[in-house]
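sharing a model prediction with you, sequence too.
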Amino acid sequence: MSVVPRLIVRFVRRELRTAEARILVLALAVAVASVGAVAMFSERVKAAFANQANVLLGADVMISGDRPLPESLIAEATARGLRTTLSTRFGSMVAAVRNDAVAPAGDTALSDVKAISGDYPLRGALEKRNAAGERVPFVASVHPGEVFVDERLAARLRVKAGDRIELGKLKPRVAQVFAEEPEVAGSFLSASPKVLMSDADVAASELLGPGSRATYRLQVAGDRAQEFAEAIKPRLGPGQRLETVRELRPEVRSTLERSEQFLGLAASFSVFLAVVAIVLALRRYLKREIDTATLFRTLGAGQRQTFLHFLGQFFVLALIACVLGVLLAFVAQALLAWAVRGLFASTLPPAGWLPLGKAFATGPILLLGFALPPLVALAATPPVRALRRELPAVNGGGVFAVLLGAIAVLAVVLMQSQDLQTGAIFVGGLIALVGLATGFAALLLWAIRRLVRHGRLGKLGGPQSWAYGLANLDRRRLSTALQIACLGLGVTTLIAVGFVRTDLFSAWQKSLPPDAPNRFLINIQPDQIESVRTLLPKTADGKPIALYPMVRGRLVAVNDKAVSPKDYADERAKRLVDREFNLSAAEALPPANKIVAGEYFAATDRGVMSIEDGIAATLGLKLGDRVTFDVAGEALEVRITSLRKVEWDSFRVNFFALLPEPTVAPLPKSYITAFHLPGSDSKTLPTIVNVAPNVLAIDVSEIMGRVRAIVDQVARALEFVFAFTLLAGLLTLYTAVVATQDERRYDTALIRTLGGTRRQIVASLIAEFSALGGAAGLLGVAGAIALTWTLATRILKIDFVASPSVWISGFALATGLTMLAGWLGTRSVLNTPPIQVLRE
Amino acid sequence: MTEPSKTDHLNAIPAIHADRVSRIVPLGERQLTILDDVSLTVARGETMAIVGASGSGKTTLLGLLAGLDRPDQGNVAWHGETISALSEEQLAIRRQGAIGFVFQSFQLLPALTALENVMLPLELAGARDAESRASAWLDRVGLGERVEHLPRQLSGGEQQRVAIARAFVADPKIVFADEPTGNLDTDTGAEIVELMFALNREQGTTLVLVTHDIELAARCNRVLRLARGKVVA
């Protein structure tokens, strides 16, 4: 006979009256809810970060090209309801105009000119200084006959609003002097003073003749910007590229990636907790179902029919839990968003349906992943069990069950973090912990057996009721092992959550200290070093600030084979080969750098190079390759002897290529430095520029401020997400403790009928729960140390900091909570007539 | 001498036939023989009680006769068909609707109502009129007013009545009962026995029961006495 859907629905409806089914549904719903809420909230926060980071682009999406961009691109963007701005960017000499005559040489500067048509910027705002010298945003468009110049150019040319400058054949009026434009993406090293002009004036200025080098850009903003970017990406022609803030600004990229990792971790922790809750609730539920299975078999249901019935029943239960969980998730993430409402400049963008879909899928995947093997066993319950209740219960499915469970967890973690390494570490950790727990529990039980069996506990002065409590643990060996494993897992997760939230996170925050360099000086000539150095502030420990040599060289050959942009398929590689590299020298490995392959060269070596591993991968370079640069017409050949990882978000002066000092010494070069100036210091930079007018001073305090704001917002958002995970964790711990409550209630009632006093029972329960909680606490702390160490060193690449206070409080919390939950669950037995409990 | 009619011939095939069945279980290093070479025949419509001291093998024998367990040696046949050779799946199908059970501990599903418990065997067999038939049977056992009650809302005697209704609802040919009055007080036990025998008569069912109760055993057509796994009378 086949499965009867009506029967399934009736069973589910009836069983939802029982505590076992309710706990299972609740555990699953909490799992789905925490996965869903964290995923939705993370997505919204990530989108908010992306929006903020996009301010650095001045738009949501930017396409640039070496030639004017086709009209079809603009049409396509407009068709999607997006706002667009076209701009043309090129370099030009600009001169001040005084009394209608062009000022003498000296009042000219090479500037970065941007000719704009349409609104600018699309994201963020231009800023100017008010009377008090504070930056205030302003909105304006550049009209024909006008220009906006930045403060640096105004200072260099000594012009103010209302003056005129010479720009090609035109003499436009300076309408505004701006402090900062939001679009700070782009290389620091090419940054020149900026001029904004109207696109309508370009032709008349005759600045762009045939063969002029210019970059044509289309900036796009709106809800469907990403969709537009995806759509046009495969159709971009040669010389055209999609710019993202991640590609343009390595330090922003690192910050965003770390933020996403932290939020992803929080989501994975909730999966971890969900697994524990489900395994425990399932066990209790299945135990009850053995009677139903026996009866089914006795009444003539075959194994297949029984299996399909239970499968259907579980599917319906999972469905109910998922609907409940998704609703809860929706409410919870809305609450989270409400809780962090003040943190973001604008309201959080809405989440898509994908996280909810993922959360929905989590339910059936986890439930069936863990329930399938025991269900197969359940369906095979021998019918004779109807006559002999004492027959052993069905087994859990052994290795197959563990394997399937692990696959289910891996699937869910992968769905969450989309990162195989993270998934593998989590699942590996899970299996290792279960194995460890089993071994540990076996050891504990062995010790208890020795203590109790031969009356050693009595000889040691322990009361007999303790011995009874401990013997209980030994008697329920399998339950005990599972309970210790699950409680341990819960504790591990909770400690790990606390650890990530505090220690790991502050380690990351510290990587961007308040006194991190916020000003860069570029193009310092060798004969200016001394005069510039005297004007620079000293480092915190009173040492002069380091100046790094910078040699510009074009990559021309690899292993004696000439290379050109067309040899590379990758757009970034093409650009790298097309442009000049900045080569520098450093005697020792600079801070924020880490060797990942080979060895850093010795100070006296010659003809060798250390290269950043990311750029090496882009260009297909490996250790041992010989690379030739063209430096001012001379060939320079170096061999790659090491690959480095660079922390780009450290805001130090970092270089892709480092050479030994003797190799760099004879080459034509300029110097670069970075240092910290407090926000109030408005004198140092102008003084330096006066002494050395060719020096380019760049203020990155703005971009740093943005990055730091993102980090702070992540910190606050994480607090909320982790608080939610913590709540789910506590519920899981409670489920773990009450899992064996029925047996314990029965045993306790039996002891009472045999004359056990309240005191004896309480003592035996305390002994049992403290042993259980202590074991779980120890295991949890050990697991947490292993897990957080792995996370810190392998995933987040942050130094691992031991934090005994977190461990000790985790252990104490685990033991205390287990005892409390155990006491709450069993307490009522002491006040209920034993016969009532025995009859239940 | 007349030729036996076809019906007589069918009637001559016993409802249950056990041929030299044994059940041996391993106990540590040695083997424990629970049932030793037991043979018996139960005719159609006959009632048989299996009695004996605790551990004599009564319940084991019942399990083998009911096809819930398999003998290590020998065969059991229902209406001439050897069931010991059938696969688990075939055996389950043979039990469906053809065999009823009454257990000492009632074995009602606590989450289902009285009516739903009685409907279960019919629904598992795919019957469409499960509800009306189950409802009629609850009427017959005197629980017409309590169809929507859950087992825990019923007394022990009432629970066993539900179990009896469930055992008879699918018109089984054989009903097996394991200590049906074991969990009931004397008066309730007597009522249950009356009910069971009345239904057995009306339905023409074969009834095999295990009991400690001498009076209950005495009401059966035949009493099989077991001692240490062997038939002694």
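Great, that's in hand. Numbers count the residues shown, from 1 in each chain, chains lettered A, B, ... in the order given.

quick check: closest non-adjacent residue to residue 97.
Answering for chain A, as no chain was given. A:Arg164 (4.3 Å; Cβ to Cβ, 6 or more residues apart in numbering or on different chains). To be clear about C-beta, it is placed using only N, CA and C from the backbone, and glycine gets the same treatment.

meant chain B, my bad for not saying
Leaving aside its chain neighbours, B:Gly97 sits nearest to B:Ala170 (4.0 Å; criterion: Cβ to Cβ, 6+ apart).

for the one you found, give me phi and psi.
Torsion angles at B:Ala170 (phi, psi; degrees, to the nearest 10) stand at phi -90, psi 20.

was I right to think it contacts B:Val118?
No - judged on Cβ atoms under 8 Å, B:Ala170 makes no contact with B:Val118 at a distance of 9.9 Å.

out of the two, which sits in the busier spot?
B:Val118 (31 against 24; other Cβ atoms under 10 Å in any protein chain shown).

now name the helix or strand holding that one.
helix B:114-124 (DSSP states H and E).

toward the C-terminus, what is the element adjacent to that helix?
helix B:130-140.

show residues contacting that following helix.
B:114-115, B:118-119, B:122-123, B:127, B:144, B:146-147, B:162, B:165, B:168-169, B:199 (Cβ atoms under 8 Å, 6 or more residues apart in numbering or on different chains).

which intervals of chain B have sub-threshold pLDDT?
Along chain B, the parts satisfying pLDDT under 70 run over B:1-11.

what's the pLDDT at the closest residue to A:Leu311 other than its chain neighbours?
Leaving aside its sequence neighbours, A:Leu311 sits nearest to A:Leu375 (Cβ to Cβ, 6+ apart; 6.2 Å). Confidence at A:Leu375, expressed as pLDDT, is 87.

give me the most central residue, chain A.
A:Gln261 (1.7 Å; Cα atoms, centre = their mean).

repeat for chain B
B:Phe176 (0.7 Å).

please tell me I have it right and that residue contacts B:Asn200.
No - using Cβ under 8 Å, B:Phe176 is not in contact with B:Asn200; the gap is 12.0 Å.

A:Pro544 touches A:Val532, doesn't it?
No - look at A:Pro544 against A:Val532 with Cβ under 8 Å: they stay out of range, at 10.6 Å.

biggest helix in chain B, by residue count?
helix B:186-203 (DSSP state H).

what's the closest non-adjacent residue to the residue of chain B found nearest chain A?
Using Cβ to the nearest Cβ, the closest approach of chain B to chain A is made by B:Gln96 at 3.0 Å. With Cβ to Cβ, 6+ apart as the criterion, B:Gln96 has its nearest non-adjacent residue at 3.0 Å, and that residue is A:Gly300.

sec struct for that neighbour, please.
coil (DSSP: H, G, I helix; E, B strand; the rest coil).

for it, which residues are in contact?
A:Gly300 sits in contact with B:92-99, B:121, B:124-125, where contact means Cβ under 8 Å, 6+ apart.

let's see 10 Å
Residues in contact with A:Gly300 (Cβ atoms under 10 Å, 6 or more residues apart in numbering or on different chains) are A:1, A:383, B:67, B:91-99, B:121, B:124-125, B:170, B:172.

go on, A:Ala175?
Counting by Cβ under 10 Å, 6+ apart, A:Ala175 has contacts A:140-143, A:145-149, A:161-162, A:196.

with B:Gln31 instead?
B:24-25, B:72.

mind redoing it with 6 Å?
B:Gln31 makes contacts with B:Ile24, as judged by Cβ atoms under 6 Å, 6 or more residues apart in numbering or on different chains.

and after the helix or strand hosting it, which helix or strand comes next?
B:Gln31 belongs to strand B:30-42 when assigned by DSSP H and E. Counting by DSSP H and E, the next helix or strand C-terminal to strand B:30-42 is strand B:47-52.

that next one packs against which elements?
helix B:58-65, strand B:206-210, strand B:222-227 (3 or more Cβ pairs under 6 Å, 6 or more residues apart in numbering or on different chains; DSSP states H and E).

quick check: angle from the first one to strand B:222-227?
Going by axes from the mean of the first three to the mean of the last three Cα atoms, to 10 degrees, helix B:58-65 is angled at 120 degrees with respect to strand B:222-227.

any residue of helix B:58-65 touching chain A?
Yes - applying Cβ under 6 Å from any Cβ of the partner chain, one finds helix B:58-65 in contact with chain A at B:59, B:63.

residues near residue 163, how many?
Unless you meant another one, I'm taking chain A. 16.

if you could check chain B rather than the one you did, that'd help
For B:Ala163, using other Cβ under 10 Å, the count is 27.

and the gap between it and B:Leu64?
21 Å (Cβ to Cβ, to the nearest Å).

B:Thr33 and B:Val25 touch, don't they?
No - using Cβ atoms under 6 Å, B:Thr33 is not in contact with B:Val25, being 8.4 Å away.

those two: which is more packed in?
Between B:Thr33 and B:Val25, B:Thr33 has the larger neighbour count (other Cβ under 10 Å), namely 15 against 10.
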